[in-house]
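Chemist: coords please:
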Amino acid sequence: MPRKPAHASVADEHAAPGGAAAVDRAISLLAAFRAGDKALSMTALSERTRLYKSTVLRLLASLEHGGLVRRTADGQWMLGPEVARLASLYAESFSLEAVVMPEMRELVQRTQESAAFHVRQGELRMCLFRVDSPQLLRDHVRAGDMLPLDRGAGGRLLLAFSGARGRLYEQARKDGYLVVAGDRVPGLMGISAPVWNAASELVGALTLSLPEQRMKPRFIKELRQSAARITQRIGGAASPGL
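Modeler: Have a look, this model is predicted:
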């Protein structure tokens, strides 16, 4: 009989109702990779997922066969080419890149600050598109990075327009945008506004991020106007007064 784990694994704690345990565990292995990780050892994967190394090895064999991970020359593991292919398909499925990226580039040109477009992924948010500020002092987030929902302007904006309760979220819904400072990274400020589709569904959050000392009042209007233009170009109704 297989050994019963002394502690529940990450997959067990977040198991899909009615799902397959092996799939949940494989997903937890992929989720173990974080921003900045180029490759992880078997030990690191086991520790992050709280799975036995023997289980991790079997799962990695299947994931490697599917191209979702690959083994490096020194025996570590990194995400495989299939992840990039799926990410590309995911972005294309939104039909947003051709609309969002030009608007974000113009926003960055006008403000000289970084712009990002976030979409909700369960209890996290993903940076779907990103245009960096040309200035050296800026935050370092890349397209594809997974970030918390409950910290940072983009995440909190997504929560606000998904019905989250609380003064901050109620004010964001009233104003039609959100500004937070030092929420995710000390000294970093974020301004975020929603983007809607033709069905009045929340598509994502357009966010401008910058050091607090570079904040200018006009950035709020610049950001909101960019979000409104994206909304209009995908068939949504922009907030009045912009």
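
Chemist: shaky segments in the protein?
Modeler: Applying pLDDT under 70 to the chain picks out residues 1-7, 88-94, 238-242.

Chemist: Using the record's assignment, carve it into domains.
Modeler: When the chain is parsed with automatic domain parsing, its domains come out as 10-80, 94-233.

Chemist: Could you point out which of these sits nearest Ala87?
Modeler: Across the domains of the chain, Ala87 has its closest neighbour in domain 94-233 (5.8 Å, Cβ to Cβ). C-beta here means a position set from N, CA and C on the backbone, and glycine is covered the same way.

Chemist: Please identify the deepest-packed of the domains of the chain.
Modeler: Sort the domains of the chain by mean neighbour count, taking mean count of other Cβ atoms under 10 Å, and domain 94-233 sits at the top with a mean of 18.

Chemist: Show me where this protein has its helices.
Modeler: Taking DSSP state H as the criterion, the chain contains helices spanning 10-13, 21-31, 42-49, 53-65, 81-93, 97-111, 153-160, 167-175, 218-233.

Chemist: With distance to Thr207 added, can I get these in TSV?
Modeler: Conversion of these to TSV gives the following (distance: least, Cβ to Cβ, whole Å):
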stretch	distance to Thr207
helix 10-13	28
helix 21-31	23
helix 42-49	28
helix 53-65	32
helix 81-93	17
helix 97-111	10
helix 153-160	4
helix 167-175	13
helix 218-233	8
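
Chemist: between those helices, which gets nearest to Leu188?
Modeler: In terms of Cβ to Cβ, the element of the helices of the chain nearest to Leu188 is helix 153-160, at 9.4 Å.
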